[in-house]
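> Please work out how this folds:
(one chain, ligands or ions: 1)
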Amino acid sequence: MSSVPVPPGPDSGEDTLRRFLLAGAPVRGESVSLDASWREVADRHAFPRSVRDRLGELCAAALLLSASLKFDGALILQIHGDGPVSLLVVECEADGTFRATAKLRDGAACPEDADLAALVNAHGRGRFVLTLDPRTDSPNRQPYQGIVPFEGRTVAEVLERYMERSEQVPTRLWLAADEARATGLLLQRLPSEGGHAWTPGPADRDSEAPKGAAPPPSALDADEEADEGWNRMQRLADTITRDELLTLPSETVLRRLFWQEPLRGLDLRRPRFACTCSREKVAAMLRMLGREEIESIVAEQGTVGVRCEFCNSPYEFDAIEGAELFLSESLAPGSQARH
Ligand SMILES: [Zn+2]
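Model prediction:
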């Protein structure tokens with residue numbers, strides 16, 4: 001992977017998250033391409049193809065949403081399923097790192113071409129959960145959580161409905177993933193008034209009407225024009241195919257879709273895979289299981305072994321290390337240490 005911060009040319013084979021404005025309409029956008037970072041996720045597990053691809057789409061969607069929310073913390077997307085898949089989860093940190101995993105029910109069959117609904121909403125009891133976690137212990141900064149019933153067939157549809165209903169932000173997503181790449185495009189309609197007021201730029205006005213011919217637009221005209229601009233950008237983006245998303249550099253995708261539109265790039269980030277697991281966190285989790293439980297596992301298996309659900313890293317505690325987990329507890333005054 002290149003270490004150049006902003007590539008002027010093609011970005012194929014790199015991990016990019018770019019934000020842009022479509023200046024001819026009240027529309028902002030983002031495109032994401034996860035290559036090496038997605039393979040870090042996909043290669044650590046042996047998920048069936050349909051599960052892997054839906055998880056990739058959810059990763060792309062999470063990165064896109066994390067860039068659109070002004071929030072200094074972690075964005076966590078979870079889909080709790082009642083079908084062959086019981087959980088899909090993606091965690092994006094404020095620094096652009098992310099990790100993801102899926103949990104399958106024992107013996108569950110996941111057809112190769114299963115859409116998201118078939119995997120997680122087989123009985124109509126799937127749930128979508130969006131969490132904004134400030135990642136601080138301060139009591140004043142509680143995590144925000146939005147929980148909605150599962151609606152839609154695809155990852156894009158579930159996210160679009162959530163954004164429309166819970167955030168009141170018209171949002172469209174185009175997502176695709178395979179074994180090598182997870183990628184996506186997001187368009188969001190900017191509010192017509194308030195902090196992000198949108199007015200058509202001069203270039204764009206010229207293209208819509210002959211100079212001097214149109215009277216100053218009334219509020220209604222401006223609304224209609226904004227509607228038309230939002231619809232036009234969606235129609236353009238709707239022409240993208242899954243194949244194009246998976247094979248073309250994201251810059252090329254944007255050029256092809258919006259070649260007639262004034263597109264202003266805002267910034268470019270480099271998403272990375274990183275897992276936040278550590279031996280200390282695993283130790284804390286084992287302590288919560290309790291001394292008795294750990295002692296019985298050690299007696300039976302000789303060691304306590306735990307694998308991180310996200311990155312699949314193994315953590316092992318032998319008999320001595322298992323006993324040491326509870327050492328500070330037995331030394332603490334007033335503790336319930338047994339001998
Ligand atoms: Zn891990």
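
> Around the ion, which positions in the stretch 201-339 of the chain sit nearby?
275, 277, 308, 310, 311, 313 (CB under 5 Å from the ion). Where you see a C-beta, it was placed from the backbone N, CA and C, and this is true even at glycine.

> Separate out the buried members of these.
Neighbour counting over these (16 or more other CB atoms under 10 Å) leaves 275, 277, 308, 310, 311 as the buried ones.

> I'd like the residues you listed as CSV, with secondary structure, distance to residue 103 and pLDDT appended.
Below are those laid out as CSV (DSSP: H, G, I helix; E, B strand; the rest coil; distance: CB to CB, whole Å; pLDDT from 0 to 100):
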residue, secondary structure, distance to residue 103, pLDDT
275, coil, 16, 94
277, coil, 16, 93
308, coil, 13, 93
310, coil, 11, 94
311, coil, 15, 93
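
> in what helix or strand does whatever residue of the stretch 1-150 of the chain ends up closest to the ion lie?
Proximity of the stretch 1-150 of the chain to the ion (CB to the ion) peaks at residue 99, 6.8 Å away. Per DSSP states H and E: residue 99 is located in strand 97-104.

> Helix, strand, or coil at the nearest residue to residue 21 once chain neighbours are set aside?
Nearest-residue entry for residue 21: residue 264, 4.6 Å, with adjacent residues in sequence omitted and distances by CB to CB, 6 or more residues apart in numbering. Three-state call for residue 264 (DSSP: H, G, I helix; E, B strand; the rest coil): strand.

> Wasn't residue 268 part of a strand?
Yes - using three-state DSSP, the assignment for residue 268 is a strand.

> Can you get me a residue count around it?
When neighbours are defined as other CB atoms under 10 Å, residue 268 has 17 of them.

> again with residue 233
Residue 233 has 24 nearby residues by other CB under 10 Å.

> can you check residue 149 too?
Using other CB under 10 Å: residue 149 sits among 11 other residues.

> show me the contacts for it.
126, 127, 128 (CB atoms under 8 Å, 6 or more residues apart in numbering).

> Just give me how far stretch 317-331 sits from the chain centre.
Stretch 317-331 has its C-alpha centroid displaced from the chain centroid by 38 Å (CA atoms, centre = their mean, to the nearest Å).

> circling back: buried ones among the contacts of residue 149?
Counted by 16+ other CB under 10 Å, the contacts of residue 149 give 126, 128 as buried.

> Relative to residue 295, which of the contacts of residue 149 is nearest.
Proximity of the contacts of residue 149 to residue 295, judged by CB to CB, is greatest for residue 127, which lies at 36.9 Å.

> who does that closest one bridge with?
residue 80, residue 149 (DSSP bridges).

> I figured it was touching residue 79, is that so?
Yes - Residue 127 is within contact range of residue 79, at 7.3 Å (criterion: CB atoms under 8 Å).

> Pull up the overlap in contacts between those two.
Common neighbours of residue 127 and residue 79, using CB under 8 Å, 6+ apart, are residue 150.

> neighbours around the residue nearest to residue 21, how many?
Neighbour count for residue 264, taken as other CB under 10 Å: 11.

> ok, it touching residue 19?
No - counting by CB under 8 Å, residue 19 is not a contact partner of residue 264; they are 9.8 Å apart.

> Assign a three-state SS to the residue most central in space within the chain, would you?
For the chain, the residue nearest the mean C-alpha position is residue 62 (1.3 Å; CA atoms, centre = their mean). Following three-state DSSP, we place residue 62 in the helix state.

> Identify the residues contacting it.
75, 77, 90, 91, 92, 98, 100.

> Which stretches in the stretch 101-250 of the chain count as strands?
Here the stretch 101-250 of the chain has its strands, by DSSP state E, counting those that start in this stretch, at 127-133, 144-149, 171-177, 182-189.
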